[in-house]
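Participant: Just need the structure, nothing else, for what follows:
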Amino acid sequence: MRSFNRFGITGLALAAMAASFMFASCSEQQTEVSIPTRAARPAAETQNQTEEDIDDTEESDPAEESELYMATDDLDFSNFVFVGDSRTVGMGQHLHLNTIAEVGVGYPFLAAHRSEILELTDTNIVFNLGVNDLAHIDDYIEFFQRLPEEFCFDNHIYVVSVNPTCGNYQSMNADIDYFNVQLSDSLPSTCKWIDTCSFLRDAGFGSPDGLHYNSQTYEMIANLIYNDVMLYQSLGY
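Facilitator: Alright, predicted model coming up:
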């Protein structure tokens, strides 16, 4: 299902957040996220960086005081399973989420865990990976198109956009945009698209290394996903 506006269904509930999240602190020295034109480069290679290697000691930001989004402690993720890569690992560790995720993985990890995923029932399943192997877009499309209908009807399936990068990784953004367009256009009706990438581009985001996110941004992404899920379900999806 296509998004309802440029932010996807997220914009219905959270567009007001943008004014409060103009921090875009890609690093302590960088204050803007610049989105380059499409570069002639291969898709990103797998990043084998552990969360422990990431220095998440960014300076405090006034946006942390914002009351325009719910505290993550108030959100009930008990019936969620997040499937993903190191970004999901980082968000899962920070927010104590149920995850099927590892650092540095991509489509082969998704395929290897297909049976485990298909055993889930009556669950909100959130897929959020692809940044490590953007060139495998056709494999991701096939994976979601081949999910059994019974499995999709027994669960709520959500696919989250690959989110933006900055700093030393900002050249990946053109490939991320291509990946997101191709995947969102190809999802079956049983899988719902959540476009957090557009929101983060406009609102700003914090990253200690340009690829992973700081604690505040992980909380913002979790809020965006949670609100989209609740809105989809309130509309009967």
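
Participant: what element comes up after the worst-scoring helix or strand of the chain on mean pLDDT heading to the C-terminus?
Facilitator: Across the helices and strands of the chain, mean confidence by mean pLDDT, DSSP states H and E is lowest for helix 10-14: a mean of 46. The C-terminal neighbour of helix 10-14 among helices and strands, as given by DSSP states H and E, is strand 80-84.

Participant: for the next helix or strand after that following strand, what is the average pLDDT?
Facilitator: Downstream of strand 80-84, the first helix or strand assigned by DSSP H and E is helix 86-95. Along helix 86-95, the predicted confidence averages to a pLDDT of 97.

Participant: With stretch 126-141 instead?
Facilitator: Confidence for stretch 126-141, expressed as mean pLDDT, is 98.

Participant: Just the CA trace of it, in CSV.
Facilitator: Once non-C-alpha atoms are left out, stretch 126-141 reads as follows in CSV (Å, rounded to 0.1, in the frame of the first residue of the first chain):
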residue,chain,number,x,y,z
VAL,A,126,8.7,-5.0,11.6
PHE,A,127,11.3,-5.5,8.9
ASN,A,128,14.0,-2.9,8.8
LEU,A,129,17.2,-3.9,6.9
GLY,A,130,18.8,-3.4,3.5
VAL,A,131,21.5,-0.7,4.2
ASN,A,132,24.3,-3.3,4.1
ASP,A,133,23.3,-4.7,0.7
LEU,A,134,21.3,-2.2,-1.2
ALA,A,135,22.2,-3.9,-4.5
HIS,A,136,20.1,-6.9,-3.4
ILE,A,137,16.8,-5.0,-3.9
ASP,A,138,15.4,-7.7,-6.2
ASP,A,139,16.0,-10.3,-3.5
TYR,A,140,14.2,-8.3,-0.9
ILE,A,141,11.2,-7.7,-3.3
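
Participant: May I see the buried residues of it?
Facilitator: With burial defined by 16 or more other Cβ atoms under 10 Å, the residues of stretch 126-141 counted as buried are 126-137, 140-141. (C-beta placed from N, C-alpha, C; glycine too.)

Participant: And for stretch 221-232?
Facilitator: Buried residues in stretch 221-232 (16+ other Cβ under 10 Å): 221, 222, 223, 224, 225, 226, 227, 228, 229, 231, 232.

Participant: any chance of the residues you listed in JSON lines, plus distance to residue 146?
Facilitator: Output for those, formatted as JSON lines (distance: Cβ to Cβ, whole Å):
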{"residue": "221", "distance to residue 146": "27"}
{"residue": "222", "distance to residue 146": "28"}
{"residue": "223", "distance to residue 146": "31"}
{"residue": "224", "distance to residue 146": "27"}
{"residue": "225", "distance to residue 146": "24"}
{"residue": "226", "distance to residue 146": "27"}
{"residue": "227", "distance to residue 146": "29"}
{"residue": "228", "distance to residue 146": "24"}
{"residue": "229", "distance to residue 146": "23"}
{"residue": "231", "distance to residue 146": "27"}
{"residue": "232", "distance to residue 146": "22"}
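
Participant: Mind checking which of those land in helices?
Facilitator: Among those, the members falling in helices (DSSP state H) are 221, 222, 223, 224, 225, 226, 227, 228, 229, 231, 232.

Participant: Might you report the residue contacts of the nearest residue to residue 219 once chain neighbours are set aside?
Facilitator: Spatial nearest neighbour of residue 219, excluding adjacent residues (Cβ to Cβ, 6 or more residues apart in numbering): residue 72 at 4.8 Å. Residue 72 makes contact with 95, 219, 222, 223 under the criterion Cβ atoms under 8 Å, 6 or more residues apart in numbering.
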